[in-house]
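Undergrad: I would like to see how this sequence folds:
(2 chains)
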Amino acid sequence: MFRHNIILAFRNFKRNKTSFLINLIGLSTGLTCAILIYLWVSDEINVDKFHDNNDRLYQVLQNRQFPQKIATWEITPTLLVNAIKEDLPEVEAATNISSREENPRGAFSFGEKNIIAEGIYAGENFFEVFTFPIKESENQSFLKDKNSIAISESFAQKLFSTTKNVIGKTIEWTRGQNKKSFRIAAIFETPPSNSTLQFDFVWNMQLLIDADEYAGKWNGDYAKTFLVLKPDANFEKFNNRFASFMNTKTDKRKKSQLFIQQFSDKYLNGKYENGKITGGRISYVWLFSIIAIFILLIACINFMNLSTAQASTKMKEIGVKKTIGADRQSLVQQFLGESILMSFLSLSVALLLVLAFLPTFNDITNKVLKFNWSFNFVITLFLITLFTGLVSGSYSAFYLSKFKPFQVLNGKQVMSFGDQWIRKGLVVFQFGLSIIFIVGVLVVQQQMEFIQTKNLGYQRDNVLNFKRPNTNKSETFLIEVKNITGVMNAGRMWGNLLSGRGTQSGYSWRGQEDDKKYSFKSPIIGYDVIETMDMKVLVGRTPSREHQEDFNKILINESARKMMQLENPVGMNIGYSDTLREIIGVVNDFNYGSMHHKIEPLIFRVTTRGNNILVKIKAGEEQTAISKLEEVFQKFHPSFPFEYSFVDDDYQALYEAESRVATLSKYFSGLAIVISCLGLFGLAMFTSERRKKEIGIRKVLGSSVFEIVKMLTSDFTKTVFAAILISLPISFFIAKKWLENFAYNITLTWWLFFVPAILVLIIAWLTIGLQTIKAARVNPVQSLKDE
Amino acid sequence: MIIRTKNLNKVYRTDEVQTTALNDLSIEINQGEFVSIMGPSGCGKSTLMNILGMIDSPSSGEYFFMENEVGGLSERKRSDVRKNNLGFVFQSFNLIDELTVFENVELPMMYTKVPSAERKKRTEALLEEMNMMHRRNHFPQQLSGGQQQRVAVARAIVNNPKLILADEPTGNLDSANGDDVMKILADLNSKGTTIVMVTHSQYCAEFGNRIIRLLDGQVVTENVVRQFL
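TA: Predicted coordinates for the structure are as follows:
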């Protein structure tokens, strides 16, 4: 029977070539999307899961209470790790690494060769807690020695052009005025791309503590702390007990509460609001999984609709089979078999398409996704395809097999009211989804455009950004930069305006203890940064060379002025620690960091140094100015590469996730519409075929081609209208939700919904138009003769 | 007795109209009979055939097939009775277009789970008997009407049914092909198969032993046919 069903399916495909092709294109496109998204999702959900201790590996996070909010930080004191090891019996092991700001960077040299690398300071048992396999090492305790360094294979490859025989070699490290020699004690496998911890080398944590006195104190947050719970430990109980752990160690952290989160969970659920985990990248995992399912469903609906539209040609077969003894189950099996076969044929096409489009998809998603023919992958492919086949075949299998044989054989079977509604409902569903997709694309693009054109409070066009490996001859360097033709201004700072990093509290402007609880964003800038970035100074002045003591002074932004309720802040001294700091100016509010966050009160601290250089270049003179800049850079730092970026590009990079969503949703919605239209095309074709006799009679009775076309299209038009009515409120709701991710967003105007609706209607008309005109123009005698 | 019906009624209802197709119809057919059913269009012939063939159920009344009540059976059970005991021959042949001659004839045996080798043997023997062996790999559209009906008859008898229901088997055939089909049916009957046939043709009806005439869903006359053959 199985063979019989397969043969019959193939003959059906051969006989109904158009619907076979529509289904093949639709299902294989749908499966291609589903497979690509599956590869992406499985990569996302496996980030950081490769560690042997994954199930029990947690990161310590702290909630800090401020008057405005509870902030969640992943940085903790370096002292915490030993306290955990000593006092908490549920913990099997614990380690820490430096926070990102503290990570060691710099140039390493061996002989004539120099490379720039970024590493981490880590606790001695770092490689026991995390699984970054050691390829070779001097001994077990290689991280205990402060003069030792563990390097990655890629580091070794870059510096020595080999990974062999490097243990024991001494390399020189330089950063700024600092120089130090390290003996290579271990070489580890380069962290894989699905690791959020990326580092070229590892140093003993003690080096950080030795270098910065606060790093070894309870009131300094310098490290990320990780722990492995014992297998029998209870997570909930531990977390409850752990909350006030730091308070038992010091009275300086009364506002801090600790909690642990599974390390591998943090990548997808790394967003915190008011001290609680509120999601993160997981929302994109869900979004794309849903998109994949919907695109597959749209393709499945084509199959359902086309097979029910062809029901009349199947009727006889069903009738005869039932008459000679086929039961419903065997017919259901036959039809499901046919759709499953179709689905597996589509899978083979889809696999070729995936192979062809994987490089492009990798570019868009910035991943290195590969076909990995693992058992899990094959099983998942099999299940996705089987599911697609079952869903596609389900409706026709149960719908067609229920017909009574005598009705079918006598041609008395008419489509019931309910059946017609189901079919229309399916088309409504398809087009509704397409409209939601188009609205989505428009809203995402509008928001991206808004982000790109919004006045941030500073000018980011033609501003070049680069880092000096040290701050030697800071002033001379800047003077030489400013002398370059085409350079309009230049300034230096620590960090940059886009990171949004750095928060300070402890300022007191009313002389009240309560003030100190308030947090401020606190970037550190040098001279000319405000001018270079073209920020508006509302009152007062900017830091200047004429005022030698300016590096002890501060500027505030308008939000800070409002929060502090200062009428005339300029000249006012506010307290910080044991010192007083004079406010020399108020700058207009600007976006410090990305637009995901509202503008917060900010205090500019002033420095005479800063390794991050901002250079404003005259439009049109970028090429020559950059090559001159490189010359200056090489003069000061001969052995370092000149690596620069434009602030505008860095700004775009802040919205990388969104712009990826924008690009992907554009492709996926395009595909959704194409697949839907393919289905509509098929439906229109079968409807014209089914109504051939009616068209003939109407024409004989005097109907014009236009009237026939109108009659045939009006049904579809009503269906698409229903789709519009249903999908617009849904898309409004989804768009509104997504825009809530941004502190500053576009207003949802009517045309964002009107355009997709009209677009879908026009596409639908074009799709069915050709078919209906063809049907309406047939000479009536032909259709009547066929009867 | 192979067929016995008692007060069979079949009423079709649409939104506004109610049509009585069978009206208290009682008939009896013995094993080995060849009964022809005649009557004008709309008299209930096809409805009666559908109910006798268990592809439709009566609105009320009883239908005993081989002394078992089958009118009220579930679709699954009816399908079981059908595939093991009945063979159908239709006016429009009703061969499955996507299957070859061989596959069409073989199909009923698949539902009765006949082993593959046995299916092949029986199908080939029947096609040989019907003189259709040379066309075994052809599709129905490639055959003449007469050939199609011979394949349909082969399909109807391949499971050795106890009863063959033939609904105007010669209706779409010319007289020569019609004669051939009638001879095959008469031959099958002479070998013991019960045949119930609906026909408009007095000539064909007289191939049987008894003619039942229907009008408005009721039996009006029953004649024994003189055996002139």
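Undergrad: Run through who's touching stretch A:508-517.
TA: By C-beta atoms under 8 Å, 6 or more residues apart in numbering or on different chains, the surrounding residues in contact with stretch A:508-517 are A:65-67, A:255, A:505-507, A:564, A:566, A:572, A:574-576. Quick note: C-beta positions are derived from backbone N, CA and C, even for glycine.
Undergrad: what does chain B put close to chain A?
TA: With C-beta under 8 Å from any C-beta of the partner chain as the criterion, chain B comes near chain A at residues B:46, B:50, B:53, B:55-56, B:75-76, B:79-80, B:82-84, B:87-88, B:90, B:94-99, B:103, B:107-108, B:110-112, B:155.
Undergrad: Buried subset of these, written for ChimeraX?
TA: With 16 or more other C-beta atoms under 10 Å in any protein chain shown as the burial test, the buried ones among the residues of chain B next to chain A are selected in ChimeraX as follows:
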select /B:46,50,53,55,56,75,79,80,82,83,87,88,90,94,95,96,98,99,103,107,108,110,111,155
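Undergrad: Over to residue 192. Which of the three states is it?
TA: Defaulting to chain A. Classification of A:P192 by DSSP: H, G, I helix; E, B strand; the rest coil places it in coil.
Undergrad: The nearest residue to it once chain neighbours are set aside: neighbour count?
TA: Excluding its sequence neighbours, the residue lying closest to A:P192 (C-beta to C-beta, 6 or more residues apart in numbering or on different chains) is A:F50, at 6.6 Å. A:F50 has 15 neighbours, counted by other C-beta atoms under 10 Å in any protein chain shown.
Undergrad: Repeat that for A:F466.
TA: 17.
Undergrad: Am I right that it is in a helix?
TA: No: assessed with three-state DSSP, A:F466 is strand; it does not lie in a helix.
Undergrad: just checking, it touches A:I613?
TA: Yes: under the criterion of C-beta atoms under 8 Å, A:F466 is in contact with A:I613, at a separation of 5.5 Å.
Undergrad: show me where pLDDT drops low in the stretch 351-500 of chain A?
TA: In the predicted model, the stretch 351-500 of chain A carries pLDDT under 70 at residues A:410-419.
Undergrad: same question, chain A
TA: Across chain A, residues meeting the criterion (pLDDT under 70) sit at A:176-177, A:312, A:410-419, A:548, A:639, A:782-787.
Undergrad: Tell me where the longest strand sits in it.
TA: Scanning chain A for the strand with the most residues, using DSSP state E, yields strand A:178-188.
Undergrad: mind listing what that strand pairs with, with the direction of each?
TA: strand A:134-137 (antiparallel), strand A:148-152 (parallel), strand A:170-175 (antiparallel) (DSSP bridges).
Undergrad: Which of the ones you listed has the highest mean neighbour count?
TA: Among the strands paired with strand A:178-188, strand A:148-152 has the highest mean neighbour count (mean count of other C-beta atoms under 10 Å in any protein chain shown), at a mean of 26.
Undergrad: Show me what whichever helix or strand comes after it is packed up against.
TA: Note on strand A:148-152: by DSSP states H and E, the next helix or strand toward the C-terminus is helix A:153-160. Other elements packing on helix A:153-160 under the criterion 3 or more C-beta pairs under 8 Å, 6 or more residues apart in numbering or on different chains; DSSP states H and E are strand A:105-110, strand A:113-118, strand A:178-188.
Undergrad: tell me the angle helix A:153-160 makes with strand A:113-118.
TA: Angle, helix A:153-160 to strand A:113-118, by axes from the mean of the first three to the mean of the last three C-alpha atoms, to 10 degrees: 150 degrees.
Undergrad: Not counting helix A:153-160 itself, show me its contacts.
TA: Residues from elsewhere that reach helix A:153-160 (C-beta under 8 Å, 6+ apart): A:108, A:110, A:113, A:115, A:117, A:135, A:151, A:162-163, A:166, A:169, A:171, A:184, A:187-190, A:200-201.
Undergrad: Could you do stretch A:249-263 as well?
TA: Under the contact criterion C-beta under 8 Å, 6+ apart, stretch A:249-263 has outside partners A:48, A:51, A:54-55, A:57-66, A:76-77, A:79-80, A:83, A:218-219, A:226-227, A:235, A:238-239, A:242-247, A:269, A:275, A:277, A:517.
Undergrad: which residues of chain B score low on pLDDT?
TA: Low-confidence regions of chain B, defined here as pLDDT under 70, cover residues B:226-229.
Undergrad: center of it - which residue?
TA: In chain B, the residue lying closest to the centroid (C-alpha atoms, centre = their mean) is B:L165, at 1.5 Å.
Undergrad: now chain A
TA: The centroid of chain A falls nearest to A:A657 when counting by C-alpha atoms, centre = their mean (3.7 Å).
Undergrad: Which members of the contacts of stretch A:508-517 occur in strands, if any?
TA: With DSSP E as the criterion, strands contain A:65, A:505, A:507, A:574-576 from among these.
Undergrad: the helices in chain B, which residues?
TA: Per DSSP state H, chain B has helices spanning B:45-52, B:75-85, B:101-111, B:116-129, B:145-157, B:175-190, B:202-205. These are given in chain order.
Undergrad: how far is the shortest one from where the chain is centred?
TA: To tie it back to what came earlier, the one meant is helix B:202-205. Centroid displacement of helix B:202-205 relative to its chain, using C-alpha atoms, centre = their mean, to the nearest Å, is 16 Å.
Undergrad: List every C-alpha atom in it, with coordinates, as CSV.
TA: These are the backbone C-alpha positions of helix B:202-205, laid out as CSV (Å, rounded to 0.1, in the frame of the first residue of the first chain):
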residue,chain,number,x,y,z
GLN,B,202,-35.1,-3.8,-21.7
TYR,B,203,-32.6,-5.8,-23.9
CYS,B,204,-30.0,-5.7,-21.2
ALA,B,205,-32.5,-6.3,-18.4
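Undergrad: list the helices and strands that helix packs on?
TA: Using 3+ C-beta pairs under 8 Å, 6+ apart, the elements in contact with helix B:202-205 are strand B:34-38.
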